[in-house]
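**Q** Sequence plus predicted model, see below.
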Amino acid sequence: MRRILLACFGYILVYAAGGGSVVIKAKVFMAEVAVTDREVSRGLMYRQTLAKDRCMVLLGGEEALRPLRTWHHLIALDVAWVDQDGQVVEVSAHTPPCRTAKAEDCPAHGGSVSARHVVEFPAGTFHRLGLKKGDRLGWELTLDDGRIVRGGQALPKSKRK
């Protein structure tokens with residue numbers, strides 16, 4: 001049991017490379033950020049909850065097809081694929097967790113349209129906010145090395161966290 005707890009704690013340490021804010025439809029979310037291949041592949045694995053005002057941004061370097069597998073996820077997610085300007089180019093609402101023995105046995109979600117980034121929200125967020133393909137979001141993120149990454153629609157100063 002101790003090994004399992006230590007392993008889970010280790011995963012938490014590599015989840016995010018900073019944080020910041022994401023705004024969609026005037027709603028601000030506190031964001032965790034994944035940048036490296038390892039951080040992106042871990043994403044929200046093993047999370048038992050994700051508060052309704054939280055999200056995770058998987059930062060990409062260039063536009064690409066970015067299918068998502070929810071292997072070892074414990075919660076359902078709403079997932080938005082966005083371009084460099086913050087326009088939502090693809091969505092997957094209530095994306096279920098996958099608990100198979102191998103990642104390749106999990107279905108791929110999204111990734112049929114080129115996107116720069118992927119943003120994961122708690123399931124139900126898209127329905128609650130009416131988010132759909134074509135909407136825009138914005139972000140201001142501070143990476144672990146101190147770099148600030150801004151994109152999409154501008155965040156009002158009062159909305160920054």
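**A** All right, it came through fine.

**Q** need the strands for the chain, in chain order.
**A** Along the chain, counting by DSSP state E, strands occupy 18-24, 27-34, 54-58, 77-82, 88-95, 117-122, 137-143, 148-152.

**Q** which of those strands sits most buried?
**A** strand 77-82 (a mean of 27; mean count of other C-beta atoms under 10 Å). C-betas here are computed from N, CA, C, even on glycine.

**Q** chain center to that one, what's the gap?
**A** 7 Å (C-alpha atoms, centre = their mean, to the nearest Å).

**Q** looking just at contacts, which helices and strands does it meet?
**A** With contacts taken as 3 or more C-beta pairs under 8 Å, 6 or more residues apart in numbering; DSSP states H and E, strand 77-82 sits against strand 88-95, strand 117-122, helix 125-129.

**Q** ok, now with 6 Å
**A** strand 88-95, strand 117-122 (3 or more C-beta pairs under 6 Å, 6 or more residues apart in numbering; DSSP states H and E).

**Q** now the strands of the chain as TSV including distance to Arg69 and mean pLDDT?
**A** Listed next are the strands of the chain as TSV, based on distance: least, C-beta to C-beta, whole Å; pLDDT from 0 to 100:
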stretch	distance to Arg69	mean pLDDT
strand 18-24	22	94
strand 27-34	14	96
strand 54-58	12	97
strand 77-82	11	97
strand 88-95	10	97
strand 117-122	12	97
strand 137-143	23	96
strand 148-152	25	93
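
**Q** can I get those in a markdown table with distance to Leu129?
**A** As requested, the strands of the chain are exported to a markdown table (distance: least, C-beta to C-beta, whole Å):
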| stretch | distance to Leu129 |
| --- | --- |
| strand 18-24 | 6 |
| strand 27-34 | 6 |
| strand 54-58 | 12 |
| strand 77-82 | 9 |
| strand 88-95 | 11 |
| strand 117-122 | 9 |
| strand 137-143 | 10 |
| strand 148-152 | 15 |
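
**Q** Go through those strands and name the closest to Ala101.
**A** strand 88-95 (19.7 Å; C-beta to C-beta).

**Q** Neighbouring strands of the closest one in the sheet, and parallel or not?
**A** strand 77-82 (antiparallel) (DSSP bridges).

**Q** Give me the contacts around the strand it pairs with.
**A** 68, 88-93, 95, 110, 115, 117-121, 123, 125-126 (C-beta atoms under 6 Å, 6 or more residues apart in numbering).

**Q** and Thr142, bridged to which residues?
**A** With DSSP bridges as the criterion, Thr142 is bridged to Gly19, Ile148.
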